[in-house]
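Engineer: Pasting a predicted model and its sequence here:
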Amino acid sequence: MPHNPGTMPGTTHATMRALPSPAAVLLCALIVLGGCVGDLRTRTAEHAPVASSAGAAVRVLDADSTKLPWARNEGYFIVVSRSCKQLDVFYRGHLIRRFPVVFGRNTQGGKLYEGDRRTPNGFYAIIEKRKHARWARFMLLDYPNTSDLQRYSSAMADGRLPLDDEHIPGIGGAIGIHGSDKHDLNARGVDWTHGCISMTNQAVVELDTLVPVGTPVLIAE
């Protein structure tokens, strides 16, 4: 039986990455303060296309607050909004694609420990991409990172982690972006995963083709 990557036991791969760039921090502030941007799926651009690193043309979506001039050197950048239930792909400061997504079934805050069924909040990166039998594609994120480890350690020190037969759960791992075998729930915007970000199979294949390993991912409320 295929294993749900959001609940892989014993995974504690804390990837040591550099702190986010000032542009990434500013992007975080814009997303948190700016709220949801209007639906862009039917508003394609009339702009000249932006060239991707692979040399292919990237179509830019045209709407208010979707152009980020300060991020023109950032390459690909994914922003996931949990409140808006959307995943935005930026390239060179331009919003180029938007997808509807759903999250962990426990929507109360960000992920803290294994089995809490929450999606984490914070800065991550895609560290692996692979095909998946149930979900078409699986893009692994570097959860837990150093910030996650600090939150987990604080929760342990404060006694905020649950006890099960005197066993404290680990921090968990194997969080990623994947497709779906629950298409009706995705279509209705129902959060159903064990902590991962789920999109339609067609969308996750497109995303997998579009962004490379190493792409930064911001997950925000």
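Structural biologist: On my side now, so go ahead.

Engineer: isn't residue 80 right next to residue 196, touching?
Structural biologist: No: judged on Cβ atoms under 8 Å, residue 80 makes no contact with residue 196 at a distance of 11.2 Å. In this view, the C-beta of every residue, glycine as well, is placed from N, C-alpha and C.

Engineer: Could you check which of these two has the larger neighbour count?
Structural biologist: residue 196 (27 against 22; other Cβ atoms under 10 Å).

Engineer: Do I have it right that the more buried one meets residue 119?
Structural biologist: Yes: using Cβ under 8 Å, residue 196 is in contact with residue 119, at 7.1 Å.

Engineer: got any residues that touch both of those two?
Structural biologist: Taking Cβ atoms under 8 Å, 6 or more residues apart in numbering as the criterion, residue 196 and residue 119 both touch 103-104, 175.

Engineer: so where is the protein shaky, pLDDT-wise?
Structural biologist: 1-68, 70-71 (pLDDT under 70).

Engineer: need the longest strand for the protein.
Structural biologist: strand 122-132 (DSSP state E).

Engineer: partners of whichever helix or strand comes after that strand, with directions?
Structural biologist: Sequence-wise, the next helix or strand downstream of strand 122-132 (DSSP states H and E) is strand 136-141. Strand 136-141 pairs in its sheet with strand 122-132 (antiparallel), strand 176-178 (antiparallel), by DSSP bridges.

Engineer: So which of these is nearest residue 145?
Structural biologist: Residue 145 lies closest, by Cβ to Cβ, to one member of those: strand 122-132, at 6.5 Å.

Engineer: Buried residues in that closest one, which are they?
Structural biologist: Across strand 122-132, burial judged by 16 or more other Cβ atoms under 10 Å covers 122-127, 129, 132.
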